[in-house]
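Chemist: Quick check, what structure comes out for this input:
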Amino acid sequence: MGTTVGFKRLIVRILDGKQDVEEGKNLFVIEGKADKGATQTAKISGLASEATKSYGSNLAYYVSRKGVGDVKVDFTLLDMPDVVEHAILGYEEKNGLTLVGENTEAPYCAVMMESTTLGGEPVVFGLFKGTFTRDEKELETTKEKQDELAGDSFSFTAIAADKDEYKGYYYLKAVGSEKVTKAKEALDMAINASA
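Modeler: So this is what the prediction gives:
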């Protein structure tokens, strides 16, 4: 596949046990529409386990290389609507206030990120199951000359799919229209299996 160009869209599906999809309730699409947020960056890490050498006969005899590391995605997202942020982070609302405390808990979600190759073919990256976190909020004074808007940082920590044919898998990638369609079907299958 090689190099990707851009980060067109992020799709987040809350794994709420419901097979019915309701955009704005358990499905969110971040794609640069006015007042609905935009994607800036996504960095996927932990796709390989840390290599561990075992020594014998005075040399490195074996390298443990099976599995994955701490699979996660660090996102930079711009102008994330409160309704999306609250839903994916598990924030509570009471008396018109947003509350975060010892009993708030982020729901499990599946995510899909869309891009293209240098040749213009569609590419998707997906993670079957995990949770979002946002560790901080930052405020900054206004300036005479405004800088480019800075996005907010979110992290998605993945765990393995736990049902059906994708059990044990964390991540998928597909290149080309036909394979992208199959990738979306695979994520849908894993999502529906969690219902």
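
Chemist: max-length helix in the protein?
Modeler: If you go by DSSP state H, the chain has its longest helix at helix 177-193.

Chemist: Let me know the outermost residue of the protein.
Modeler: The outermost residue of the chain, judged by C-alpha distance from the chain's mean C-alpha position using CA atoms, centre = their mean, is Ser57 at 44.2 Å.

Chemist: Please name the bridge partners of Asp74.
Modeler: When bridges are called by DSSP bridges, Asp74 pairs up with Lys43, Ser155.

Chemist: How many neighbouring residues does it have?
Modeler: Using other CB atoms under 10 Å as the criterion, Asp74 is surrounded by 13 other residues. C-beta here means a position set from N, CA and C on the backbone, and glycine is covered the same way.

Chemist: Pull out the buried residues from the helix or strand of the chain with the lowest mean pLDDT.
Modeler: Taking all helices and strands of the chain together, the one with the lowest average confidence (mean pLDDT, DSSP states H and E) is helix 177-193, at a mean of 81. Of all the residues in helix 177-193, those buried under the rule 16 or more other CB atoms under 10 Å are 179-180, 183-184, 186-187, 190-191, 193.

Chemist: got it, and stretch 7-27?
Modeler: Neighbour-count burial for stretch 7-27 flags 7-16, 26-27 (criterion: 16+ other CB under 10 Å).

Chemist: Pull the contacting residues for Lys25.
Modeler: Residues touching Lys25, when contacts are defined by CB atoms under 8 Å, 6 or more residues apart in numbering, comprise 14, 87.
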